[in-house]
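Visitor: structural data only, the sequence is not supplied:
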């Protein structure tokens, strides 16, 4: 099949540069694709507990007042100030932390790739119990592969990588079109392998 020389030249250049650009990402997603398929490889979680002193906690708890009974409906919990204080002293990002208020306790849940933090403290004291769970390296890599509990930047990298892989595939196909000897068998192999993949994916 005849293809425009300019299209071929651009496709060849794109294919070469994309292969270099995607090398590390494709190796990473290939390896983690295997580990995702073997949950038994994930190590048992390691849990630890520590106590952290939170300075100025009483001032942060309620809007315009010192620490009071959490059941007093006339007072409003200063949630934003609490989160800002924890971010400053514990390193927990405000936009990634879930906060729950239960009786006299304030509970925070911070999820990361392959690990999690739960923080629990009372409105009556200025120290917090920090519970850390580490699920291991493989679990971390699996979460990164899925974009689970990762940053918006990494989420964008996954989206862009997906687009570049499609572009890489199409430029490879364009380069194959003028090669009459290899085009027909390649198409047959592609169709057969696609059918096999679809059949195995839908098997119960």
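Guide: On my side now, so go ahead. None of these values were measured; they are calculated from a predicted model. Residues are numbered from 1 along each chain as shown.

Visitor: where along the chain do the strands fall?
Guide: Remark: strands assigned in the chain by DSSP state E are 46-53, 97-102, 105-112, 115-122, 127-134.

Visitor: and residue 203, which of these is closest to it?
Guide: In terms of CB to CB, the element of the strands of the chain nearest to residue 203 is strand 105-112, at 33.1 Å. Using the backbone N, CA and C atoms, a C-beta is placed for each residue, glycine as well.

Visitor: partner strands of that closest one, with direction?
Guide: Sheet pairing for strand 105-112, assigned by DSSP bridges, gives strand 97-102 (antiparallel), strand 115-122 (antiparallel).

Visitor: list the buried residues of the longest one.
Guide: Within strand 115-122, the residues that count as buried by 16 or more other CB atoms under 10 Å are 115, 116, 117, 118, 119, 121.

Visitor: I'd like to know which of the strands paired with strand 105-112 lies nearest to residue 163.
Guide: In terms of CB to CB, the element of the strands paired with strand 105-112 nearest to residue 163 is strand 115-122, at 29.9 Å.

Visitor: low-confidence stretches in the chain?
Guide: 1, 54-80, 82-83, 86, 89-90, 92-96, 123-126, 204 (pLDDT under 70).

Visitor: can you do 80?
Guide: Residue ranges of the chain with pLDDT under 80: 1-3, 52-106, 121-128, 180, 182-183, 201, 203-204.
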